[in-house]
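**Q** Sequence first, then the predicted structure, then my questions.
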Amino acid sequence: MSIKVRYFASLKESIGRSEDYLEFAGIATVADVWGCANPNKALPDNSLAAVNMDYVELNSAVKDGDEVAFFPPVTGG
Amino acid sequence: MSIKVRYFASLKESIGRSEDYLEFAGIATVADVWGCANPNKALPDNSLAAVNMDYVELNSAVKDGDEVAFFPPVTGG
Amino acid sequence: MHIKICAEVFDPWQEIQLHQHSAQNLAGKFGATSVFIGTMRDFNGGDDVKGMTLEHYPGMTEKQLGKIVAEALQQWPIINALVVHRVGDILPNEPIVLVAVWTSHRGDAFDASRYIMEALKSRAPFWKKERLQSQAERWLVKNTDGYL
Amino acid sequence: MHIKICAEVFDPWQEIQLHQHSAQNLAGKFGATSVFIGTMRDFNGGDDVKGMTLEHYPGMTEKQLGKIVAEALQQWPIINALVVHRVGDILPNEPIVLVAVWTSHRGDAFDASRYIMEALKSRAPFWKKERLQSQAERWLVKNTDGYL
């Protein structure tokens, strides 16, 4: 399974990367994507997640080729 | 008692005058002003009244020198 | 705060820009601007409308609009406000009314501009007479409630 | 309907005029325009702010704004709508966001523009990082609810 992971804003700064490319078997959910890409770091409590640019819950399924994003609460407008 | 009376919009058109100047004793209220200036015509039901450019009820008192106005519901904006 | 009765066609965007640039208390200090513009349509109640005449009660109009803005100032932390209203002969597509409110936060700007607009509709002494395509003329009878 | 992400400073009034003039379905047909503009202030939370950087998620921003406008179209009879949002480096007094909605009647314009603005604030993927007078930088943590 191939997953592109993106990070934004303060979360991007705190983990020091804007993107990861995962090539792993055994990833089933968005939470798995985080855990696989950031094994030593818990996802901050208020973080939001998106799959293919739509908001999802952390227990949402992912599939091969998905773009998964993690970011803090939005502050636009 | 000297009262200037003003009429606007459809009410002005229906009575055919925009202003009256009343010089009468015995005028106590806004309703009296209408009755004195338009003895043969009832004030249309939904009409509004103002004394010195503030909205008032028909039973409000008037005093010498007041400007009294009668007009239909407003339709600005 | 500025209230203006306008006998000529006005450009709402230009009025807002001019006001915003001339208002000393605005630069860098406001976060939210809520603007409402009422524009004349070329139809109403199923009829084609050629134009309208807006009558007003000079003096009372300004007095009532001043009261309305003062009421809004008491209810919301308004940094600045602008009200412009046309009178006289108006053609379709011309602006009739402009209400703009500058505040720090967006909720106040939305609430205050809507309050001013609704109060203007129900209390400012203006009256519209439409000229139809058929040359007939008719007075509008009553404004509807904009909160419904 | 038009959604625009803007890397350069924009003039909200010019954007509105251009959109209004280019929209074929507007001339003579709309009665109400409700506009909201969010502008950068030179202070926040008691601190002087020199500037800010607005980060966004290209693609997702447009997708989410498109959904928000589509939701508004389902709820209100909107004739046209315009959303413009800045990204990149922003200075105090520069506009950040513009939402404009054209409808027949004022209640719909007020409701729809506010709905779009609130949804944008809570769902469009933008993030603000402020630069303070002290040269310190800080990410804004959370948008507040504009209906409160």
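**A** That came in fine, so what should we check first? Numbering: from 1, shown residues only, chains lettered A, B, ... in the order given.
**Q** From here on, just use CA atoms for contacts and neighbour counts.
**A** Noted.
**Q** how close does residue C:27 sit to residue D:48?
**A** Per Cα to Cα, to the nearest Å, residue C:27 is found 14 Å from residue D:48.
**Q** distance of the residue of chain C positioned farthest from its centre from residue C:49?
**A** Distance from the C-alpha centroid of chain C, by Cα atoms, centre = their mean, peaks at residue C:134 (28.5 Å). Applying Cα to Cα, the value for residue C:134 to residue C:49 is 9 Å.
**Q** for residue C:112, same thing?
**A** Distance from residue C:112 to residue C:49, by Cα to Cα: 31 Å.
**Q** for residue C:111, same thing?
**A** Distance from residue C:111 to residue C:49, by Cα to Cα: 32 Å.
**Q** so what pLDDT did residue A:25 get?
**A** If you check residue A:25, the pLDDT there is 86.
**Q** tell me the SS of it?
**A** Here residue A:25 is recorded as coil under DSSP: H, G, I helix; E, B strand; the rest coil.
**Q** wait, what's in contact with it?
**A** residue A:1 (Cα atoms under 8 Å, 6 or more residues apart in numbering or on different chains).
**Q** What is the strand or helix carrying residue A:5 packed up against?
**A** Assigned by DSSP states H and E, residue A:5 belongs to strand A:2-7. Identification of packing neighbours for strand A:2-7 by 3 or more Cα pairs under 8 Å, 6 or more residues apart in numbering or on different chains; DSSP states H and E yields strand A:19-23, strand A:67-71.
**Q** closest to chain D out of those?
**A** Chain D lies closest to strand A:67-71 among these, at 8.6 Å (Cα to the nearest Cα).
**Q** and the angle from the closest one to strand A:19-23?
**A** Using axes from the mean of the first three to the mean of the last three Cα atoms, to 10 degrees, the direction of strand A:67-71 lies 140 degrees away from that of strand A:19-23.
**Q** check whether strand A:67-71 contacts chain D.
**A** No - if you take Cα under 8 Å from any Cα of the partner chain as the test, strand A:67-71 misses chain D, and the best it gets is 8.6 Å.
**Q** Taking the centroid of chain C, which residue is nearest it?
**A** Geometric centre of chain C, nearest residue: residue C:97, 3.0 Å, by Cα atoms, centre = their mean.
**Q** Just after the helix or strand of chain C with the lowest mean pLDDT, pick out the following helix or strand.
**A** Ranked by mean pLDDT, DSSP states H and E, the weakest helix or strand in chain C is strand C:43-44, scoring a mean of 86. Using DSSP H and E, the helix or strand that follows strand C:43-44 in sequence is strand C:47-56.
**Q** residues of that following strand that come out buried?
**A** Within strand C:47-56, the residues scored as buried using 16 or more other Cα atoms under 10 Å in any protein chain shown are C:49, C:50, C:51, C:52, C:53, C:54, C:55, C:56.
**Q** Surely the fourth one and residue C:90 touch.
**A** Which is residue C:52. Yes - here residue C:52 reaches residue C:90: they are 5.2 Å apart, a contact under Cα atoms under 8 Å.
**Q** what's the lowest-pLDDT member of the buried residues of strand C:47-56?
**A** Out of the buried residues of strand C:47-56, that is residue C:49, at 92.
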